[in-house]
Every structure is written in structure tokens, then in C-alpha cells.
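1. okay, predicted coordinates and the sequence, questions at the end:
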Amino acid sequence: MSNPFEIQLEGVIKEYSEEIARSKYDDGSDVLSDTDVRDLQTRCLAAIERSAGKSSVYYERVLEINRMNNHIYGHLAENIGVARSLLSDIRNGYMKSLEEIIHGEVFSDFLEMAEHLKSNGYKDAAAVVAGSTLEAHIRQLCQKHSLTVESGGKPKKTDTLNAELVKSGAYGKLDQKNVTAWLGLRNSAAHGAYSDYDTAQVNLLIGSIREFISRNPA
């Protein structure tokens, strides 16, 4: 299933391709008005920024293209080319940076610890470790998506960060609901409400958090 970044890139690329298919010229100048071109340019830039970030080579390349003294139709064609390259890299898994890999390995180690605790009969400690790993990952995701993790000098609650990540497009509402549920189980374990859950639920918690981190690298 395509993620929100792929969908936004696909939409701009498809719209441009459909216009070019109707055109007698390579640049679409007979079917696209100046306003159409600037609209597509803006949405293309927004899709690239959202998908790769302002510090990425993709975003910087588009800015470089748009500073060139060429016709705006040529700018748009090259912008779309950058978007196509980015979409291809996302689909092929090339967007996972070294930092993301390191974060993934660190969190994987903690989840292995949680798995070990659970397997040895310490379901409550396992739930706390797994939930704490999730909380740390949520904060890393916020940094990745340029969201603040503090307010008034105090750390924001994880539920607040969860909602802000959804609003920013980092992941969807279903993931938000799952994260809320997982944090609830973790809080039960941390506050001694051990009868609120069983070992099977802790086992599911660990597996679910591992899958969530894998899909949403920080």
C-alpha cells in the first residue's frame, strides 16, 4: 500500500503526465497556462519537501532548477523529473538513511530485551520496556518531521506528540489509535495494574511495536 508521501508525489506526476499526453509539444505549453504551471510547481515542491525534507538533495535540486533563467515550462518538467526520482527511491527503499538504520537497530535491541523478559515470565517489565521504546521512537519521529517535543520547557506528553505526528502526515489515524492503545498497556504496567493485561497481550504489544517502528523509521 502506498504511503501518504507516495500518494502525493504520484498525484502531481500523474496530473502532469496527463496534461503532456494531450499536448502537441514536449513542455505542454499549449495545454497548460502559466497559472497551471505555477500551481503544479508549487504542489510538486510541497510534495518533495514533505516526502524528503528541506535538507534533502531532492528539495535542493528543485530550488536550484527554479533559480535557473529558463522558461517556467522547462522548470516544471525538471521538477517533475526530480519528483519521479524521489518516488522511485522511496519505492525501492533507498530513503532509509544511516541515522534511521542506527535508530532501528537500537530500538530493536530494546525490543529483544522486552522479548527476553516476557519469555522468562516477567511480562510486566517487558511491557514497560516495550512501551518506553515506543515513546522514545515517537520522539525521534517528531525530530525527523521537525516537530517540537517540548512546550514551555517541559516535555510534551506522548499522546500529544502522537496526534501531532498524524497531523503532519507522518502516519495515519489507525496507527494513532494503535499507539494510544499500546501506551495505555504500558501505563498499566508502569502503575501496577498488572491484571489489566496478560502475557499474550504483551507478546502482541512487542510484535506490533516492532512492526510499527519498521514501517515508520526515525
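-> Arrived safely.
2. for Q201, see how far away P155 is.
-> 27 Å (C-beta to C-beta, to the nearest Å). For glycine as for every other residue, the C-beta is placed from the backbone atoms N, C-alpha and C.
3. now the spatially most central residue of the chain, what's its secondary structure?
-> For the chain, A170 is the residue whose C-alpha lies nearest the centre (C-alpha atoms, centre = their mean; 3.8 Å). Remark: A170 carries the secondary structure label coil [criterion: DSSP: H, G, I helix; E, B strand; the rest coil].
4. wait, what's in contact with the nearest residue to it once chain neighbours are set aside?
-> Ranked by C-beta to C-beta, 6 or more residues apart in numbering and with sequence neighbours excluded, the top spatial neighbour of A170 is H145, at 5.1 Å. Counting by C-beta atoms under 8 Å, 6 or more residues apart in numbering, H145 touches 165, 168, 170.
5. same check, this time on K123
-> Contacts for K123 were tallied using C-beta under 8 Å, 6+ apart; they are 117, 194, 197-199, 202.
6. mark which of those are buried, thanks.
-> Neighbour counting with 16 or more other C-beta atoms under 10 Å marks 117, 197, 202 as buried within those.
7. which residue, other than its chain neighbours, is closest to the first one?
-> Setting aside the residues directly before and after it, L117 is nearest to A126 in space (C-beta to C-beta, 6+ apart), at 4.0 Å.
8. helix or strand: which one has the one you found?
-> According to DSSP states H and E, A126 maps onto helix 123-144.
9. strands paired with the next helix or strand after that helix, and their directions?
-> Downstream of helix 123-144, the first helix or strand assigned by DSSP H and E is strand 150-151. Here strand 150-151 is paired, per DSSP bridges, with strand 154-155 (antiparallel).
10. outline the domain layout of this structure.
-> The record's domain parsing of the chain by automatic domain parsing lists 4-91, 98-215.
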